[in-house]
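In: Next come a sequence and a model predicted from it.
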There are 2 protein chains.
Amino acid sequence: MIDYPAFEAVYAICLEGSFDRAAARLGITPSAVSHRVKALEERTGAALIVRGAPCHATEVGRRVCRHVERIQLLEMDLGATHPALAAGNGGDQQARARVVVNADSLATWCMPALARFTTRTGVLLDIAIEDQDHAKDWLVRGETDAAVTANADPAVGCDIQPLGALRYRATASPDFMARHFSDGVTAEVLAAAPCLVFDRKDALQNRWLADQVGHPVQPPVHRLPSSAAFVDAALCGMGWGMNPEPLVAEHLAAGSLVDVVPGRGVDIPLYWQISRLTADLLTELSGSIRRVARDALW
Amino acid sequence: MIDYPAFEAVYAICLEGSFDRAAARLGITPSAVSHRVKALEERTGAALIVRGAPCHATEVGRRVCRHVERIQLLEMDLGATHPALAAGNGGDQQARARVVVNADSLATWCMPALARFTTRTGVLLDIAIEDQDHAKDWLVRGETDAAVTANADPAVGCDIQPLGALRYRATASPDFMARHFSDGVTAEVLAAAPCLVFDRKDALQNRWLADQVGHPVQPPVHRLPSSAAFVDAALCGMGWGMNPEPLVAEHLAAGSLVDVVPGRGVDIPLYWQISRLTADLLTELSGSIRRVARDALW
């Protein structure tokens, strides 16, 4: 069987960021931690930990950590019905699951679902933010248990459920509109007015622009990787951007933001994809996500 | 002199994410883009672009992009006083600067300063989010022009200015307090109650805990890389966390959040570090940041 003490040492280092804190967590000496990791690295011929401040896992090391996390979820399932059998688990290794969510879902609708799941089950969550068009890659690489994604094709080994659509509005401040669009929202001006983009992966603005203009347009862009800052930047007149309707509805009603082109919202359908390898425990998370999405999305 | 057409091609690919879109931006064919990049890669013996969807720069490629950006800032400075000399710049290559900011500063005080700078100068910003304890590393690696950091020692080649302190409060929902701290906030319970952590680099919660308890404590943690979601998670009772006072003041007043230990806030002093290599243009950004910080921070 696999050398689980070594796996646990790798996992603890990645969790804590250092050999010393991993040792404290495991109740062994730092040199014992180091010895376990080195032995495993020599046996497998692969580096597992990048030593640094903080330490982090190599690609192979991340696979080790994912394996440990999946086992902990299974142990927690076991403990729910047979506590005596799961007693070796020790107190401090709580089950931990990974979820990938797009920033705008995290900023608008899905936090209550995640919080309800954690308070009911005691599972700890590692939430990562990824563009809805790229979240599926995390599932394909085995780096997450579940993801909110815009991809309707399930990753291999995953179940998929439609969640509804998040509605976006292309919005800007009245001041920005006056500065850039005083002569109307033409293709020429759209190509020149500064646009807000979340990061390099964010294609929403470009897609909306191409729809308006009829061909691809490459406007000057500010990059700003935060949903809340995106709204603030629009309010400050820094640029226009595709903002999720729930984040800007009040500003639109108050007139502090306006639609760049009235009535032209965009609905982005979202899907919940979850790995079949994960323990039954996470089906509760799926239920929680579905219920909240039903009320919040279109 | 350096092969600037090749440098521009590398830069355009990283900006646009693909050879095709880079070609459209530069007004040349995709095969010309590919040829320029390959020739430079062969001459330097280093890969510059990781081909993928989207394409991105290797470490050496990133250095090429930074060089192009700095030149564009210098050209913009030149153009401000001698437009005829800077005419070769072409219309679509707008100057672009990089700024690293901690998520909580972006969520609370610094967006108006960034927006004012962009609207006054027309410079495009690439804003990256990094923990205040690690933002200096970006300056050391030459990957940003300026940073908001908790580090009082300037990086080599950088100027530094104190900005004041961002005040944090350890907060949780009344419901969470009742579930975990009904018998008081003891060291034992603090070590067992779920804690919110932004990411692996976020040491704020652990520092506050160690201050309370007198020694390092390792509570179970949820990881949640968004300032707004951090507040939402606290409101939903998912865990307690160190929240910036401006984001929770209303919730504290309304009673939907409470201090875990009354009166025990933490002030994190912040500094503005800016590379001396950057064009004079960015001194305007420094002034804008300083003015806004003076009103917003302690």
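Out: It's in.

In: going forward, measure contacts between C-alpha atoms and count neighbours the same way
Out: Will do.

In: Doesn't A:Thr278 belong to a strand?
Out: No. Counting by DSSP: H, G, I helix; E, B strand; the rest coil, A:Thr278 is not part of a strand but coil.

In: now it: how far from chain B?
Out: In this view, A:Thr278 and chain B are 18 Å apart by CA to the nearest CA, to the nearest Å.

In: Near chain B, which residues of the stretch 101-250 of chain A are found?
Out: Residues of the stretch 101-250 of chain A lying near chain B by CA under 8 Å from any CA of the partner chain: A:106-107, A:111-112, A:115-116, A:118-119, A:124-129, A:194, A:200-201, A:218, A:220-226, A:228-229, A:232-233, A:236-238.

In: I'd like the list of those that fall within strands, please.
Out: A:124-129, A:221-223 (DSSP state E).

In: Redo the residues you listed as JSON lines? Include distance to B:Ala293, neighbour count and pLDDT.
Out: JSON lines is the format used below for those (distance: CA to CA, whole Å; neighbours: other CA atoms under 10 Å in any protein chain shown; pLDDT from 0 to 100):
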{"residue": "A:Leu124", "distance to B:Ala293": "36", "neighbour count": "22", "pLDDT": "93"}
{"residue": "A:Leu125", "distance to B:Ala293": "34", "neighbour count": "22", "pLDDT": "95"}
{"residue": "A:Asp126", "distance to B:Ala293": "32", "neighbour count": "19", "pLDDT": "93"}
{"residue": "A:Ile127", "distance to B:Ala293": "31", "neighbour count": "22", "pLDDT": "96"}
{"residue": "A:Ala128", "distance to B:Ala293": "30", "neighbour count": "21", "pLDDT": "96"}
{"residue": "A:Ile129", "distance to B:Ala293": "28", "neighbour count": "20", "pLDDT": "96"}
{"residue": "A:Val221", "distance to B:Ala293": "25", "neighbour count": "25", "pLDDT": "93"}
{"residue": "A:His222", "distance to B:Ala293": "22", "neighbour count": "27", "pLDDT": "96"}
{"residue": "A:Arg223", "distance to B:Ala293": "22", "neighbour count": "20", "pLDDT": "95"}
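
In: can you tell me which two in the residues you listed are farthest apart?
Out: Greatest spacing in these, by CA to CA: A:Leu124 and A:Val221 (36.9 Å).

In: Which strands or helices does whichever strand or helix holds A:Thr283 pack on?
Out: Element membership for A:Thr283 (DSSP states H and E) is helix A:283-296. Here helix A:283-296 touches helix A:111-121, strand A:158-172, going by 3 or more CA pairs under 8 Å, 6 or more residues apart in numbering or on different chains; DSSP states H and E.

In: 6 Å instead?
Out: Counting contacts by 3 or more CA pairs under 6 Å, 6 or more residues apart in numbering or on different chains; DSSP states H and E, helix A:283-296 is packed against helix A:111-121.

In: and the angle from the helix it packs on to strand A:124-129?
Out: Here helix A:111-121 runs at an angle of 160 degrees relative to strand A:124-129 (axes from the mean of the first three to the mean of the last three CA atoms, to 10 degrees).

In: Which positions within helix A:111-121 qualify as buried?
Out: Buried residues in helix A:111-121, counted by 16 or more other CA atoms under 10 Å in any protein chain shown: A:111-119.

In: same check, this time on stretch A:136-153
Out: Of all the residues in stretch A:136-153, those buried under the rule 16+ other CA under 10 Å are A:136, A:138-139, A:142-151.

In: what does stretch A:198-206 give?
Out: Buried-residue list, stretch A:198-206, by 16+ other CA under 10 Å: A:198-202, A:204-206.

In: Could you list the residues in contact with that stretch?
Out: Stretch A:198-206 has contacts (CA atoms under 6 Å, 6 or more residues apart in numbering or on different chains) with A:223-225.

In: Could you do stretch A:219-234 as well?
Out: By CA under 6 Å, 6+ apart, stretch A:219-234 touches A:104, A:172-173, A:191-192, A:194-199, A:240, B:124-127.

In: Now the two most distant members of those residues.
Out: Longest distance between any two of the contacts of stretch A:219-234 is 25.9 Å, between A:Asp104 and A:Ala192; criterion CA to CA.

In: Give me the more crowded residue out of these two.
Out: A:Asp104 (23 against 16; other CA atoms under 10 Å in any protein chain shown).

In: what about A:Asp280, how many neighbours?
Out: For A:Asp280, the neighbour count with other CA under 10 Å is 12.

In: Against chain B, how distant is it?
Out: 20 Å.

In: thinking again about what came up before, have a look at the buried residues of stretch A:198-206 and tell me the least confident one.
Out: The member of these with the lowest pLDDT is A:Arg200, at 84.

In: Any chance of the backbone angles for that residue?
Out: The phi and psi values for A:Arg200, taken as degrees, to the nearest 10, are phi -60, psi -20.

In: ok so A:Tyr11 is a helix residue?
Out: Yes. Residue state for A:Tyr11 (three-state DSSP) corresponds to a helix.

In: is it true that it touches A:Cys65?
Out: Yes. With contact defined as CA atoms under 6 Å, A:Tyr11 counts as touching A:Cys65 (5.1 Å).
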